[in-house]
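>>> Sharing a sequence plus its predicted fold:
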Amino acid sequence: MNPQTAADFIRSITDLKPQVAIILGSGLGGLADKIDSPVIIAFDRIPGFGTSTASGHRGQLVFGSIESVPVVAMAGRFHRYEGWSNDDVAFPVDVMNTVGASHLIVSNAAGGVSLKFRVGDIVVLQDHINFMSGVFASDQGAPEKFAAPGCFNRPAMTYDAAMSQAAFEAAIESGFDCYPGTYLATFGPTYETRAEYRMMRRIGADVVGMSTVPEVLAASRLGMRILGLSMVSNVANPDKAVKASHDEVLEAGRAAEVKMEAIVRKVLQQISSSPLQSPPV
Ligand SMILES: O=P(O)(O)O[C@@H]1C[C@H](O)[C@@H](CO)O1
Ligand code: HPA
């Protein structure tokens, strides 16, 4: 599916040109209710979009503004474990970029692998480890975009220093814990064994989740500036048998929404007052 077809459909409903795209992870969808003058489009109306089936994901694109910055938020996302291909998961990023977004704020709920994290902490992604199968290849073959010159290069990485800095400033101002970290993406949907958590900690992961990397790779390919945020929804403790559940993940997300909102507002204020200066790292 061509992103332009989806963009044309969206244009028939709203001519708002978003500067920033926001992907709201599990339990974090409430931020969509904070968007001024919202125009809501259900995913299943948009050509090429699937239907989000994971619980805690509403399945809507919400256009409007926050802090006077035009935004589009994805309330819900697609996951590989729901049966979508990498192209399906990344398609909305292409579409949001086609309708104008040059920046991406992508959030998720994730297990805290690093010993220092507590439930509700926010981790500002500096890098990722990709354990999802086949992320660089389409499940349907090799589409043109992946065969472009340079596609075998390391993705020009990726997470934006100035947007990260704004996130840390928001945490200091609002008085909550926020750390830099590396996200490890698994295919899911099972949570990890204790041995797997131990291995992830050893190889340098700070948080583990089941999303984000396909969207980040697409945004990186499109030259978007990217802020990645994980909300620690459960402590991935290799030393104690603790059961993780999706309900726990959703509940932690709702409790941490206020922190995500503080960060998003700060980043958007900085974008609107003086375009954030540093290039992507
Ligand atoms: O969409 P995100 O990454 O926030 O969803 C997390 C990861 C899994 O989909 C699920 C696990 O409970 O929540
Ligand atoms: O512990 C976890 N592991 C994988 N994905 C997750 N998403 C939330 N918590 C976790």
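Perfect, I can see it now. Ligands and ions are numbered 1, 2, ... in the order given.

>>> Please name the bridge partners of the closest residue to Arg77 other than its chain neighbours.
In space, and not counting its chain neighbours, Arg77 is closest to Ile23: 5.5 Å by Cβ to Cβ, 6 or more residues apart in numbering. Every residue, glycine included, has its C-beta placed from N, CA and C. Beta bridges link Ile23 to Met74, Val106 when assigned by DSSP bridges.

>>> Might you report the residue contacts of Ile23?
Counting by Cβ atoms under 8 Å, 6 or more residues apart in numbering, Ile23 makes contact with 73-74, 77, 92-93, 104-107, 212, 215.

>>> what two of the residues you listed are the furthest from one another?
Farthest pair in the contacts of Ile23 (Cβ to Cβ) is Ala73 and Thr212. Separation: 15.4 Å.

>>> if I look at Asn192, how far off is Phe168?
No, residue 192 isn't Asn; it's Glu. 28 Å (Cβ to Cβ, to the nearest Å).

>>> Neighbour count: those two, which is higher?
Glu192 (19 against 16; other Cβ atoms under 10 Å).

>>> pretty sure the more buried one contacts Val207?
No - using Cβ atoms under 8 Å, Glu192 is not in contact with Val207, being 11.8 Å away.

>>> Give the residues shared as contacts by those two.
With Cβ under 8 Å, 6+ apart, Glu192 and Val207 have common neighbours Gly111.

>>> and the chain, which residues reach ligand 2?
Contacts of the chain with ligand 2, taken as Cβ under 6 Å from any ligand atom, map to 109-111, 186, 191-192, 208-210, 233-234, 236, 244, 249.

>>> hang on, the earlier thing: so for the contacts of Ile23, which is the shakiest by pLDDT?
Across the contacts of Ile23, the bottom pLDDT score, 92, is held by Arg77.

>>> Which of the three states applies to that one?
Taking DSSP: H, G, I helix; E, B strand; the rest coil as the rule, one finds Arg77 in the coil state.

>>> Number of residues surrounding it?
For Arg77, the neighbour count with other Cβ under 10 Å is 27.

>>> Which residue ranges of the stretch 101-250 of the chain form helices?
161-174, 194-202, 213-221, 246-273 (DSSP state H, counting those that start in this stretch).

>>> Where among the ones you listed is average confidence lowest?
helix 246-273 has the lowest average pLDDT among the helices of the stretch 101-250 of the chain, namely a mean of 87.

>>> Which parts of that helix count as buried, going by neighbours?
Within helix 246-273, the residues that qualify as buried are 246, 248-250, 252-253, 256-257, 259-272, counting by 16 or more other Cβ atoms under 10 Å.
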